[in-house]
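[1] Fold the following, please.
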Amino acid sequence: MIDERKAKPDVLSRAHRPIQSEQGGTMNDDRDFQQNDARFGKGVTRREALMGSAALVVSRFGATVGLPALISGLAGSQPALAQAARPNIVYIVADDMGWADAGFHDSDIATPNLDKLAQEGARLEQFYAQPMCTPTRAALMTGRYPLRYGLQTGVIPGAGTYGVPTDEYLLPQTMKDAGYKTAMVGKWHLGHAKTEYWPRQRGFDTFYGALVGEIDHFKHASHGVQDWYRNNTPLEENGFDNSLFGDEAARVVEQHDPASPLFLYLAFTAPHTPFQAPQEYLDRFKQIEDENRRTYAAMISVLDDGIGKVVAALEKSGIRDNTIIVFHSDNGGVKNSMFAGDTKVGGELPADNGPYRDGKGTLYEGGTRVAALANWPGRIKPGVIDGMIHVVDMYPTLAGLAGAGLDKNKPMDGMDVWATVSEGKPSPRNELVYNIDPMAGAVRRGDWKLVWKASLPQKIELFNLAEDKSETTDLAEQNPEKVAELQARITELAAEMAPPQLLMEAVRLTFFAPPVTADPSVLFSLGD
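    Next comes the predicted model:
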């Protein structure tokens with residue numbers, strides 16, 4: 001059985017990194033080659049060794065960069081050779097999108113750009129996120145379960161003063177260390193009250209978008225407070241936010257200097273509440289009678305068009321064939337208005353999670369198993385991938401493709417799943433942690449999943465997902481040994497978790513904030 005706390009993915013395997021000297025430095029001078037002549041053979045010239053390096057890169061990444069181009073790059077240095085072979089990365093996240101609301105899952109909402117990426121790439125049918133927004137984004141950026149640093153409960157509220165702890169080394173920081181240009185477009189939601197939590201301070205060269213979790217899509221404001229930035233500067237701008245995100249992301253690609261690889265993180269706010277969309281997109285779905293569903297569909301259509309613009313920009317820039325695109329939602333679609341956000345929603349909630357139980361905010365499959373795909377022409381085999389993948393796995397996997405080191409990171413929960421994504425090989429993951437907090441927890445080992453509501457009244461449910469993906473039949477009474485095993489694992493993880501920052505913030509506001517008193521002038525007018 002794999003112990004994920006101890007498993008350390010070898011993301012710097014020789015297949016994934018530039019050739020290194022035994023002392024750890026890249027081989028960029030003759031001394032390195034002399035020290036490593038045992039690897040290449042006695043009497044091998046520097047040029048011959050570099051030619052061999054080029055062949056290794058070609059064997060790993062195929063014809064992404066032709067051998068002549070690689071050889072011509074050798075006139076500079078060996079790092080230039082490694083740089084030429086590393087892929088650009090475009091990582092796209094939707095906000096509260098239902099599993100069945102992508103066209104490639106037979107939705108009535110047309111998503112032609114996503115569908116094309118799915119058809120020509122890998123559909124990741126057991127891709128898991130956290131149950132809510134902030135935890136998923138934190139898991140992506142750290143490669144670690146949010147329970148490790150107190151972001152496992154809820155999301156960062158508008159009044160929240162906390163964020164991803166600054167001693168966590170985030171994915172864009174690792175990408176920058178590997179020579180990538182890093183850009184973020186869209187929704188951050190990993191800390192806004194202090195500038196030390198902001199994207200530019202956490203590894204992104206550029207940032208365009210919103211810091212908090214929910215904004216008016218046209219006014220770019222939360223509770224009347226403007227939340228729209230370019231880099232660290234507040235920005236006044238008109239337009240529908242998701243349309244602007246698509247345009248900006250395409251512009252980032254078009255203006256990118258291909259001499260360095262690009263890491264672009266594109267985080268849409270669609271189709272999160274409030275349900276709003278431009279009229280031209282609402283008109284596309286006149287046939288949908290329910291107003292919420294019609295607007296929700298229009299928002300997804302804006303998102304899909306934005307993705308199309310990014311793909312077109314990649315093609316125009318001549319870098320599409322050396323770009324991996326990853327897409328997924330941050331959690332399942334909303335099925336309970338308690339998790340809809342700050343905006344009051346009337347009528348039926350529009351998201352569709354297909355066969356999966358419940359939705360956002362819950363530990364059931366509908367809240368955590370999300371629509372996802374990965375596409376890299378010629379490098380990812382088209383097809384359906386049915387192995388377990390968690391969002392924490394994307395950090396070590398992408399770092400491996402980038403040839404990046406993980407020496408500055410804390411121990412990761414993520415695993416390198418590149419062979420699973422690209423070739424359909426079995427996932428190295430046998431265990432999956434849905435979430436652990438003081439009130440509930442859920443883990444999966446193999447096909448067995450335990451959902452434990454620990455707060456009173458306590459509730460324990462056991463499911464076999466291979467036979468019951470909709471979680472309709474509780475098998476806890478029939479399998480007490482399996483329940484005990486998985487409960488023990490949840491208890492073990494709970495002993496390791498950091499206190500939830502949201503609860504600590506609530507305590508601070510409740511017990512350590514100054515008292516609220518009435519206006520003295522009003523008191524005076526009342527008399528004694």
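[2] where in the stretch 301-450 of the chain is pLDDT low?
    For the stretch 301-450 of the chain, no stretch has pLDDT under 70.
[3] Centroid-nearest residue for this protein?
    Nearest to the mean C-alpha position of the chain, by Cα atoms, centre = their mean, lies Leu140 at 4.2 Å.
[4] mind listing what's buried in the helix of greatest length in the chain?
    The single longest helix within the chain, with elements called by DSSP state H, is helix 291-316. By 16 or more other Cβ atoms under 10 Å, the buried positions in helix 291-316 come out as 292-311, 313-314. Where C-beta positions appear, they are placed from N, C-alpha and C, glycine not excepted.
[5] which residue sits closest to the residue nearest to the centre of the chain, ignoring its sequence neighbours?
    With sequence-adjacent residues excluded and distances taken as Cβ to Cβ, 6 or more residues apart in numbering, Leu140 is closest to Val391, at 5.2 Å.
[6] any idea how far that neighbour lies from Lys187?
    From Val391 over to Lys187 the distance is 15 Å, taken as Cβ to Cβ, to the nearest Å.
[7] How about Val326?
    Where Lys187 is concerned, Val326 sits at a distance of 16 Å (Cβ to Cβ).
[8] Which one's more surrounded, these two?
    Lys187 (28 against 25; other Cβ atoms under 10 Å).
[9] Leaving out sequence neighbours, find the closest residue to the more buried one.
    Nearest one to Lys187, counting by Cβ to Cβ, 6+ apart, is Ala267 at 4.5 Å.
[10] bridging residues for the one you found?
    Counting by DSSP bridges, Ala267 forms beta bridges with Val93, Gly186.
[11] Compute the number of surrounding residues for it.
    With neighbours defined by other Cβ under 10 Å, the count for Ala267 comes to 23.
[12] what do you get for Thr510?
    Neighbours of Thr510 using other Cβ under 10 Å come to 8.
[13] tell me how far the helix or strand that contains it is from the chain's mean position?
    Using DSSP states H and E, Thr510 sits in helix 501-511. Counting by Cα atoms, centre = their mean, to the nearest Å, helix 501-511 is centred 27 Å from the centre of its parent chain.
[14] Excluding chain neighbours, what is closest to Ala193?
    Thr161 (4.2 Å).
[15] Next one: the one you found from Asp342, what distance?
    Thr161 is 18 Å from Asp342, by Cβ to Cβ.
[16] How about Ala100?
    26 Å.
[17] can you give me the strands in the stretch 201-350 of the chain?
    Under the criterion DSSP state E, counting those that start in this stretch, the stretch 201-350 of the chain contains strands at 206-210, 221-222, 225-226, 229-230, 233-234, 262-267, 323-329.
[18] Quick one: those strands as CSV, columns for distance to Gly366 too.
    As requested, the strands of the stretch 201-350 of the chain are exported to CSV (distance: least, Cβ to Cβ, whole Å):
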stretch, distance to Gly366
strand 206-210, 26
strand 221-222, 27
strand 225-226, 32
strand 229-230, 33
strand 233-234, 37
strand 262-267, 22
strand 323-329, 11
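[19] Spit out the contact partners of Arg251.
    Contacts were defined as Cβ atoms under 8 Å, 6 or more residues apart in numbering; by that measure Arg251 touches Ala313.
[20] separation between it and Val185?
    Arg251 is 9 Å from Val185, by Cβ to Cβ.
[21] where does the protein have low pLDDT?
    1-84, 516-528.
[22] quick one: the helices in the stretch 251-400 of the chain?
    For the stretch 251-400 of the chain, applying DSSP state H, counting those that start in this stretch gives helices covering 279-282, 291-316, 365-368, 394-402.
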